[in-house]
Every structure is written in structure tokens, then in C-alpha cells.
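Peer 1: Here is a sequence with its predicted model. Questions after.
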Amino acid sequence: MFPDPDLIWRAFPSILDGMKAPPYVLSRGVWRGALNLLVTESAPGASAYGVEIPDCQIYAAYEEMIYSCADHGDRSRVYDGGIYIKEAERSQLLKSFERIDPLGRKPRHFLFVGGDYCYETLGFSAPCARAFPGLEEAYAWARGQDEMASRSKLGEGS
């Protein structure tokens, strides 16, 4: 559903608001149905956050230049240092998923803008964010996510 010229974003306040632009977003993959993203500021001594999107059904990463040039929604998709996370009020992805979901659940569509890649997610829950004291702790969390996934694949974790 990209690009979607009828997409309308609204602000979704979170602890990530006010980061120095442009932030960078790294996917840590899906673990037990939750997509894990690492979000950092671009400045030295930057703030870093871990974002978990529970019940993630669909996610996509778009190269930022393509994302910003495409006729994809309204201009509120741009991060200007204010509210970071955006939630779709209306999108083709929401409409399509609502029609096909066998359980009749109401999906939620979120945007995470990055200076390199922009991520859109579709799931049934709001994102959960945690702040880290620095980049080392954030990368340790990200490595921990990788290690849990590896142990589970090997039959060592639960």
C-alpha cells in the first residue's frame, strides 16, 4: 500500500518526542510476534530508545529519500523535532486489513521516521518504548534480543 496519497497521520505522544532530528531507526527483527526497533538521535552523546511493537502483523522499511519524495500521505509524516511517533487515522493498509482479518480486530498503523529508513508497522497494540541511558545500553538491549532469538532457535530458550 505504498504510496498511499489518502493516508492521514496524527501525533502519538511518547517518550521519544523532542529527539534531535534526524533520528536513526534500526530493526532488531521480530521476536515472539513483536517487532523491536532501536531509535537513536544522530548527535554525539545521543539519546537511545528501544521500541517494541506487540502483535506486529506487517512492517516495512522504506529508504528515506524514496519515502520523502513519494505521494504518501500528508506532510505530518515529516519529523521536525516535535512528536516522533505517528499513528494513521486513515490508510489503505488499515482498510484492507480490517476487511480480511478473520477475527474482526481493529488494527493500528504506526510510523517511525528515520534519517536513513522510515518504518511503518501494522498490528493490534500501541508501541511500547523504553529510554536507555546511552547508546551502549541500547545496543546491549538489541544484542540481548538477538541472543534470545538464537537460543530459542537452538531449543535453549523459552
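Peer 2: Looks like it arrived, so ask away.

Peer 1: tally of neighbours for Arg143?
Peer 2: 11 (other Cβ atoms under 10 Å). The way it works is simple: take the backbone N, C-alpha and C, and place the C-beta from them, glycine included.

Peer 1: That one: helix or strand, and which one exactly?
Peer 2: Using DSSP states H and E, Arg143 sits in helix 135-153.

Peer 1: Correct me if wrong: Leu7 contacts Gln92.
Peer 2: Yes: contact criterion Cβ atoms under 8 Å: Leu7 and Gln92 qualify, at 7.3 Å.

Peer 1: higher neighbour count, these two?
Peer 2: It is Leu7, of Leu7 and Gln92, that has more neighbours when counted by other Cβ under 10 Å, with 25 against 16.

Peer 1: what sits against the more buried one?
Peer 2: His72, Gly73, Asp74, Arg77, Ala88, Arg90, Ser91, Gln92 (Cβ atoms under 8 Å, 6 or more residues apart in numbering).

Peer 1: Repeat that for Pro102.
Peer 2: Pro102 sits in contact with no residue, where contact means Cβ under 8 Å, 6+ apart.

Peer 1: So it lies in a helix, does it not?
Peer 2: No: counting by DSSP: H, G, I helix; E, B strand; the rest coil, Pro102 is not found in a helix; it is coil.

Peer 1: Just the pLDDT at it, thanks.
Peer 2: Looking at Pro102, its pLDDT is 92.

Peer 1: Provide the backbone phi and psi angles at it.
Peer 2: Note on Pro102: backbone dihedrals following degrees, to the nearest 10 are phi -70, psi -20.
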